[in-house]
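> the following comprises the amino acid sequence and a computationally predicted model.
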Amino acid sequence: MPIRFDILTTFPEMFATEPPGALALSIPDRARRAGLVEWHATNIRDFTTDKHQKTDDRPFGGGPGMVMSCQPVWDAVCAVEAMDDRPATRVLLTPQGVPLTQPLVEELATMPRLLLLAGHYEGIDERVIRKLDPMEVSIGDFVLSGGELAAIVLMDAVIRLLPGALGDGESAGQDSFSPIGPGGQRLLDCPHYTRPRVWEGEEVPEILLSGDHGRIAAWRLEQSLQRTRERRPDLLAGPPDQPPPA
Ligand code: ADE
């Protein structure tokens, strides 16, 4: 059974397969064609009840921006969830959510069905968020114009982990944030090289030409550790999958 994503959005075109949107290329497209994943984007606007099809309104208390209204969001979620027997794990993409990390991506990749709610404007009325009680997820400490790009990022990260999504010679087990450290720490990836052996006077590290797979593996691990120490010491600070101590 393919994992099913339902995306609730006011921009369903962003998830199109024809003409191709961001997910209809490369690994996610191959996974979809192979029947490992299906996704359905639903327009929240289709669930509005007023003649102008308004999904948002001015915020109580004043201030800039608009707030997505409860009713169309709630009705859209109810209608979409009824389209399939499998229970959906509800995820709201928001800068106020828990950070999307590789351990969380791995957890999401085990779910049969994910319902992704992509908000726009200043946000969504808090009452419908509380009633839906979704997992709230952020893709980083910056603000996007809407949750759609965050949903696409989450979907891409999940899809590539589905068994069979990566082709021969591709492996998620060696990626950055894989638990390859000596204590199971999640490390950054090592540097990679391909032909030519010399480019602009720069040589490929000698060891990679040695054919000694044991020494090459040890060198790559050392490079990963060094990079992680330099660039992301926070990854080495705590036990695997745990935040570093406060
Ligand atoms: N919507 C707007 N910004 C976002 C972010 N950083 N992560 C998830 N959803 C968002």
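Yes, it's here. Numbers count the residues shown, from 1 in each chain.
> tell me the buried residues in whichever strand or helix holds Val98?
Element membership for Val98, per DSSP states H and E: strand 89-99. For strand 89-99, the neighbour count (16 or more other CB atoms under 10 Å) marks 89-95, 97 as buried. (Glycine included, C-beta is placed from N, CA and C.)
> list the contacts of the closest residue to Met14 other than its chain neighbours.
Nearest-residue entry for Met14: Glu148, 4.8 Å, with adjacent residues in sequence omitted and distances by CB to CB, 6 or more residues apart in numbering. By CB atoms under 8 Å, 6 or more residues apart in numbering, Glu148 lies in contact with 7, 9, 11, 14-15, 93, 118.
> tell me which of those fall in strands.
Among the contacts of Glu148, DSSP state E puts 7, 9, 93, 118 in strands.
> what sits up against the longest helix belonging to the chain?
Counting by DSSP state H, the longest helix found in the chain is helix 213-231. Helix 213-231 is contacted from outside by 180-182, 185, 187-191, 205, 207-208, 210, 235-236, using CB under 8 Å, 6+ apart.
> which residues of this protein lie near the ligand?
Contact residues, the chain versus the ligand (CB under 6 Å from any ligand atom): 93-95, 138-140, 142-144, 147, 150.
> can you show me the strands along the protein?
Along the chain, the segments classed as strands by DSSP E run 3-9, 37-43, 56-57, 67-68, 89-99, 113-118, 123-124, 135-138, 198-199, 202-203.
> so what's the gap between the fifth one and the chain middle?
In other words, strand 89-99. For strand 89-99, the separation from the chain centroid amounts to 11 Å (computed by CA atoms, centre = their mean, to the nearest Å).
> and for stretch 21-40?
Relative to the centre of its chain, stretch 21-40 is centred 14 Å away, using CA atoms, centre = their mean.
> quick one: contacts for the residue sitting nearest the centre point of the chain?
When CA atoms, centre = their mean is applied to the chain, the residue found nearest the centroid is Leu154 (1.5 Å). By CB under 8 Å, 6+ apart, Leu154 lies in contact with 91, 93, 100, 105, 108, 116, 137, 139.
> please apply the same query to Arg86.
Arg86 makes contact with 4, 112-113, according to CB under 8 Å, 6+ apart.
> with pLDDT and neighbour count added, can I get those in a markdown table?
Conversion of the contacts of Arg86 to a markdown table gives the following (pLDDT from 0 to 100; neighbours: other CB atoms under 10 Å):
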| residue | pLDDT | neighbour count |
| --- | --- | --- |
| Arg4 | 98 | 18 |
| Pro112 | 98 | 14 |
| Arg113 | 98 | 19 |
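> which among those gets closest to Gln71?
Distance ranking of these against Gln71, using CB to CB, places Arg113 first at 23.7 Å.
> could you report the pLDDT at His120?
pLDDT for His120: 82.
> got it, and Pro239?
For Pro239, pLDDT reads 61.
> again, but for the one 5 residues further on
Listed pLDDT for Pro244 reads 56.
> same deal with Leu149?
For Leu149, the pLDDT comes out at 98.
> tally of neighbours for it?
Counted with other CB atoms under 10 Å, residues neighbouring Leu149 total 16.
> in the buried residues of strand 89-99, find the pair that's most separated.
The most widely separated members of the buried residues of strand 89-99, counting by CB to CB, are Thr89 and Pro95 (20.1 Å).
> surely Arg45 meets Thr10?
Yes - counting by CB atoms under 8 Å, Thr10 is a contact partner of Arg45 at 5.6 Å.
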